[in-house]
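Next input, structure requested:
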Amino acid sequence: MAGAPRVEHLVTSGTFSLDGGTWDVENNVWIIGDDDEVVVIDAAHDSDAVLEAVGDRRLSAVVCTHAHDDHVRAAPDVALATGAPVLLHPDDQVLWKMTHPNRRPDGPLADGDEIVVAGIGLRVLHTPGHAPGAVCLYAPDLGALFSGDTLFAGGPGATGRSYSDFGTIITSIGERLLTLPGETVVHTGHGDTTTVEAEAPHLEEWAARGW
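Next comes the predicted model:
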């Protein structure tokens, strides 16, 4: 028996670099599947830790919510060790090449795509703003959203650096994420988990602040 599909959580540590600055960060790595098959969302920093968490299960894909270096640095090594494809929205190629100039992702992500693992679907939602090719993954069967750096507990992802735009991320959150069922659990790229219900009342406040 493969067991019920579930969400597993790993935290890895490293740095994020862009626009000439470097910051220490901790990233959430999400593993979705059962005892036989999983996908990894954001292979961040430490390929050995990700591979240990996957164990002897079949890894069907390494899904990148966006291509900032902290989220994709370990992706090629995880793919090489497992044979799994690295999937990225094409609009983030410019960021991917900053970290991996000699290695392309294996396949594209497009809005509306469905990635199936352990009998459940992960629906791709293109949510630009934090990065042009940022995506979230919605798993209605799990009541879960994997938001990358688009939506956090308490506010939207940062938009003060290259290839980001505040108005765009607010539109993405309002039209694509906060329209999901309120009880949807939001598993973020950094920090604490939240829910759509907890974040939805604050959209106008964020927009007014120019968060």
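
Give me the buried positions along the lowest-mean-pLDDT helix or strand in the chain.
Lowest by mean pLDDT, DSSP states H and E among the helices and strands of the chain is helix 203-209, with a mean of 81. By neighbour count on 16 or more other CB atoms under 10 Å, the buried set for helix 203-209 is 203, 206-207. Quick note: C-beta positions are derived from backbone N, CA and C, even for glycine.

Please, where are all the helices along this protein?
Taking DSSP state H to define them, one finds helices in the chain at 47-54, 69-72, 75-82, 93-99, 166-172, 196-199, 203-209.

Alpha carbons only: can I get the last one in CSV?
If I follow you right, that is helix 203-209. Output of helix 203-209 as CSV, limited to C-alpha atoms (Å, rounded to 0.1, in the frame of the first residue of the first chain):
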residue,chain,number,x,y,z
LEU,A,203,-5.6,42.9,0.1
GLU,A,204,-6.9,46.5,0.0
GLU,A,205,-4.7,47.4,3.0
TRP,A,206,-1.6,46.0,1.2
ALA,A,207,-2.4,47.8,-2.0
ALA,A,208,-3.0,51.1,-0.1
ARG,A,209,0.4,50.7,1.7
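
now what about that helix, what contacts it?
155-156, 170, 173-174, 178 (CB atoms under 8 Å, 6 or more residues apart in numbering).

returning to that earlier point: would you mind putting the helices of the chain into a markdown table with distance to residue 8 alongside?
Listed next are these as a markdown table, based on distance: least, CB to CB, whole Å:
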| stretch | distance to residue 8 |
| --- | --- |
| helix 47-54 | 7 |
| helix 69-72 | 17 |
| helix 75-82 | 15 |
| helix 93-99 | 25 |
| helix 166-172 | 26 |
| helix 196-199 | 21 |
| helix 203-209 | 30 |
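
nearest to residue 141, of those helices?
Within the helices of the chain, the stretch nearest residue 141 is helix 196-199; the backing value is 16.1 Å (CB to CB).

ok now stretch 52-65, how far from the chain's centre?
14 Å (CA atoms, centre = their mean, to the nearest Å).

For the residue lying closest to residue 109 once chain neighbours are set aside, give me its contacts.
Sequence neighbours aside, residue 89 is the residue nearest to residue 109 in space, at 4.6 Å (criterion: CB to CB, 6 or more residues apart in numbering). Residue 89 makes contact with 64, 66, 108-110, 126, 133-135 under the criterion CB under 8 Å, 6+ apart.

Report the buried residues of stretch 66-84.
Per 16+ other CB under 10 Å, stretch 66-84 contains these buried residues: 66-79, 82, 84.

And these, which two are furthest apart?
68 and 82 (22.3 Å).

which residues in the chain form strands?
Remark: strands assigned in the chain by DSSP state E are 6-18, 21-33, 37-41, 58-63, 86-88, 107-108, 114-117, 120-126, 135-139, 144-148, 151-152, 155-156, 185-188, 194-195.

Point out where this structure drops to low pLDDT.
For the chain, the stretches with pLDDT under 70 are 1, 210-211.

let's see 80
Applying pLDDT under 80 to the chain flags the ranges 1, 209-211.

Restrict stretch 36-49 to CA atoms and write it as PDB.
Extracted as PDB, the C-alpha positions of stretch 36-49 are listed here (Å, rounded to 0.1, in the frame of the first residue of the first chain):
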ATOM      1  CA  ASP A  36       5.800   5.500  -3.700                       C
ATOM      2  CA  GLU A  37       5.900   8.700  -5.600                       C
ATOM      3  CA  VAL A  38       6.500  12.400  -4.900                       C
ATOM      4  CA  VAL A  39       7.100  15.800  -6.400                       C
ATOM      5  CA  VAL A  40       9.400  18.400  -4.900                       C
ATOM      6  CA  ILE A  41       8.400  22.000  -4.900                       C
ATOM      7  CA  ASP A  42      11.400  24.300  -4.800                       C
ATOM      8  CA  ALA A  43      14.700  22.300  -4.300                       C
ATOM      9  CA  ALA A  44      16.300  25.000  -2.200                       C
ATOM     10  CA  HIS A  45      20.000  25.200  -1.200                       C
ATOM     11  CA  ASP A  46      20.800  21.600  -0.100                       C
ATOM     12  CA  SER A  47      20.400  18.800  -2.600                       C
ATOM     13  CA  ASP A  48      21.500  16.100  -0.100                       C
ATOM     14  CA  ALA A  49      18.800  17.200   2.400                       C
END
